[in-house]
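Peer 1: could you look at this predicted model? Sequence included:
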Amino acid sequence: MGKLDSFKRALWVFHLATGSCNACDIEIVALLTPRYDVERFGIKLVGSPRHADVLLVTGCVVRPLADMVRRVYEQVPDPKAVIVVGNCGATGGTFYDSYNVAGPVNEIIPVDVYVPGCPPRPEAIIDAVVKAWMKLEKFEKELEKKHRGGEK
Amino acid sequence: MDLTLLTGYGFWNPLLWLAFLLIFGGISYFLWALRGNPAYKPGTEQVKPFISGNPEPAKDLVHIRARHIYWGFVEGLRGYYSFARKMHTGDVRDYALWYLGVGVVVLILLVGGI
C-alpha cells in the first residue's frame, strides 16, 4: 500500500446496490460497526451521490438499473472514484452472461478499484477505499496543476 | 441639518434607514453569492436532484401549486362546494338573474317591512 499525502478532508462514500444478493452490502455495513469503525478515518456513507467522492458499487447491474447506474455516476461531482465490491460487479460472477444482466459494472461506468470476493472481507473494502483515496488525491493535484496552468 | 423625525412613538432617520438597507443588502448578497456548490458542472446530471437514480420528471408534473395547500379543506367541504359549484355556471346572465332575485328579496324585506 502507498502512502496518503494528507487527510485534508473526510472521504464521503455513496453505496449503490445494482442487484446484489446483499452479502457485499452487509460487509459494507460491517465497516460502520465498532469492530471496523471506518468513520474514525473520516470515511462516511452518505445518502446522495451529489455529496460523494467515491461510488461503492455492489451487484452485477441488472438491466433495468443500467440507466440509473449511469445517472448516479454522472451525479457524483469531480474528481470521483468508483470501487466495485464483490465478484458480481467485477465479472458478473454467478450471473455472468445472464439475459437480465447489463454488467459487469465496467461496461456501464469506468471503474478505478476492484475488490474481489464473494463477499470480500471488510478489511479488503477498507484497503480499496484507501486506494481510491490516493487516486482522488492524485486527480486533485492534477486538477490543481491544470487550474494553475490555466491562470498563467 | 437634523434629519431625525421625532414622534410620540419613536424616531425615524433616513440615513439610519439607508445604513440598515446597505448592511442587510450586503448580508443578503453574500448569502446569495454563496449559493450552491461551484464544483458542480452546470447543464449536467450533477446539478439535478437525486431521485434514486430515476430521471427528473418534468417540472409541471411535480410542481406543488398553492391550491394543493387547500386540498384537505376542499376535500372536507366537498358537499358544500359541489352544491355551490352548480350555481357558478360562468354565464353572466345567470349571475344577473341571481343579482335581481336577491335584490327583489332584500327589497321586499326592507321596503315591505316584513
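Peer 2: Thanks, I have it.
Peer 1: what packs against the longest strand along chain A?
Peer 2: Taking DSSP state E as the criterion, chain A has its longest strand at strand A:11-17. With contacts defined as 3 or more CB pairs under 8 Å, 6 or more residues apart in numbering or on different chains; DSSP states H and E, the packing partners of strand A:11-17 are helix A:23-30, strand A:43-45, strand A:54-58, helix A:66-75, helix A:122-151. No exception for glycine: its C-beta is placed from N, CA and C like everyone else's.
Peer 1: identify each buried residue in whatever helix or strand residue B:105 lives in, please.
Peer 2: Applying DSSP states H and E as the criterion places residue B:105 in helix B:92-111. Counting neighbours by 16 or more other CB atoms under 10 Å in any protein chain shown, one finds that helix B:92-111 has no buried residues.
Peer 1: for stretch B:78-95, same thing?
Peer 2: For stretch B:78-95, using 16+ other CB under 10 Å, no residue counts as buried.
Peer 1: and for residue 57, the neighbour number?
Peer 2: This is for chain A. 30 (other CB atoms under 10 Å in any protein chain shown).
Peer 1: wrong one, chain B
Peer 2: Residues near residue B:57, counting by other CB under 10 Å: 10.
Peer 1: roughly how far is stretch A:88-102 from the heart of the chain?
Peer 2: 18 Å (CA atoms, centre = their mean, to the nearest Å).
Peer 1: mind exporting the C-alpha coordinates of it to CSV?
Peer 2: C-alpha atoms of stretch A:88-102 as CSV (Å, rounded to 0.1, in the frame of the first residue of the first chain):
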residue,chain,number,x,y,z
CYS,A,88,-20.6,-10.0,-9.4
GLY,A,89,-19.8,-6.4,-10.1
ALA,A,90,-16.3,-7.2,-11.3
THR,A,91,-17.1,-10.1,-13.7
GLY,A,92,-20.8,-10.9,-13.5
GLY,A,93,-20.0,-13.7,-11.0
THR,A,94,-22.7,-16.3,-10.7
PHE,A,95,-24.9,-14.2,-13.1
TYR,A,96,-22.3,-14.0,-15.9
ASP,A,97,-23.9,-13.8,-19.3
SER,A,98,-27.4,-13.8,-17.8
TYR,A,99,-30.2,-12.5,-20.1
ASN,A,100,-31.1,-9.9,-17.4
VAL,A,101,-27.6,-8.6,-16.7
ALA,A,102,-26.3,-5.5,-18.4
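Peer 1: in it, what's buried?
Peer 2: A:88-93, A:95, A:101-102.
Peer 1: ditto for stretch B:25-44
Peer 2: Those would be residue B:40, for stretch B:25-44 by 16+ other CB under 10 Å.
Peer 1: state the mean pLDDT of it.
Peer 2: Mean pLDDT, stretch B:25-44: 85.
Peer 1: how about that stretch, does it get close to chain A?
Peer 2: Yes: judged by CB under 8 Å from any CB of the partner chain, stretch B:25-44 and chain A are in contact via B:37, B:39-41, B:44.
Peer 1: now the helices and strands packed on strand A:11-17 as JSON lines including distance to chain B and mean pLDDT?
Peer 2: Below are those laid out as JSON lines (distance: least, CB to the nearest CB, whole Å; pLDDT from 0 to 100):
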{"stretch": "helix A:23-30", "distance to chain B": "16", "mean pLDDT": "94"}
{"stretch": "strand A:43-45", "distance to chain B": "14", "mean pLDDT": "90"}
{"stretch": "strand A:54-58", "distance to chain B": "11", "mean pLDDT": "94"}
{"stretch": "helix A:66-75", "distance to chain B": "3", "mean pLDDT": "94"}
{"stretch": "helix A:122-151", "distance to chain B": "10", "mean pLDDT": "81"}
